[in-house]
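Chemist: here is the input, now give the coordinates:
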Amino acid sequence: MTLQEGRRVTLAADIGLDGALAAADGSGAPPVPVAGFLALAAGTAGTVERVDRVERRESHGVREYARLKSLFDSFGHAMPEGSRRQLEEQLAALEPEWNAHQELGPGVTVRVRFDNGFVLDGTPAELFADAGGELC
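Modeler: Residues are numbered from 1 along each chain as shown. Model prediction:
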């Protein structure tokens, strides 16, 4: 299922929130540490207000694979046999991590306003199911 603005969703699992308290009005007031914990139960219903696609963070191995692959594509044909073989071995070792990163694709975060008035923003879409129970 693809999340869209206006779609009804529920939390797919219990979640807990702690950390810092920040003003949501954009006033720029610095976050204040809190000594509390808020739990929202699975099944808590709300409405998607915004959907954002975000690039997933690249690990060192993913960045290294991209760098070495570019080097190989540009200069591999002109490299001495031993250097080319070593580069191919390095690429082969990093390829599983690269493939896993490619399969994930971009991440999706959402802003959801729950029926109880709470708002979660920048939350991974995987935490939600549509109101009928299908995982997002």
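Chemist: tell me the mean pLDDT for the top helix by length along the chain?
Modeler: For the chain, the longest helix by residue count, based on DSSP state H, is helix 81-104. Helix 81-104 shows a mean pLDDT of 91.
Chemist: name every strand pairing with the helix or strand following it and say which way it goes.
Modeler: Using DSSP states H and E, the helix or strand that follows helix 81-104 in sequence is strand 107-114. Using DSSP bridges, strand 107-114 pairs in its sheet with strand 45-54 (antiparallel), strand 119-124 (antiparallel).
Chemist: could I get those strands as JSON lines with distance to residue 62?
Modeler: All C-beta atoms are positioned from the backbone trio N, CA, C, and that covers glycine. Shown next, in JSON lines, are the strands paired with strand 107-114 (distance: least, CB to CB, whole Å):
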{"stretch": "strand 45-54", "distance to residue 62": "16"}
{"stretch": "strand 119-124", "distance to residue 62": "19"}
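Chemist: from residue 73, how far off is the nearest residue to residue 38 once chain neighbours are set aside?
Modeler: Nearest residue to residue 38, sequence neighbours excluded (CB to CB, 6 or more residues apart in numbering): residue 17, at 4.5 Å. For residue 17, the distance to residue 73 (CB to CB, to the nearest Å) stands at 45 Å.
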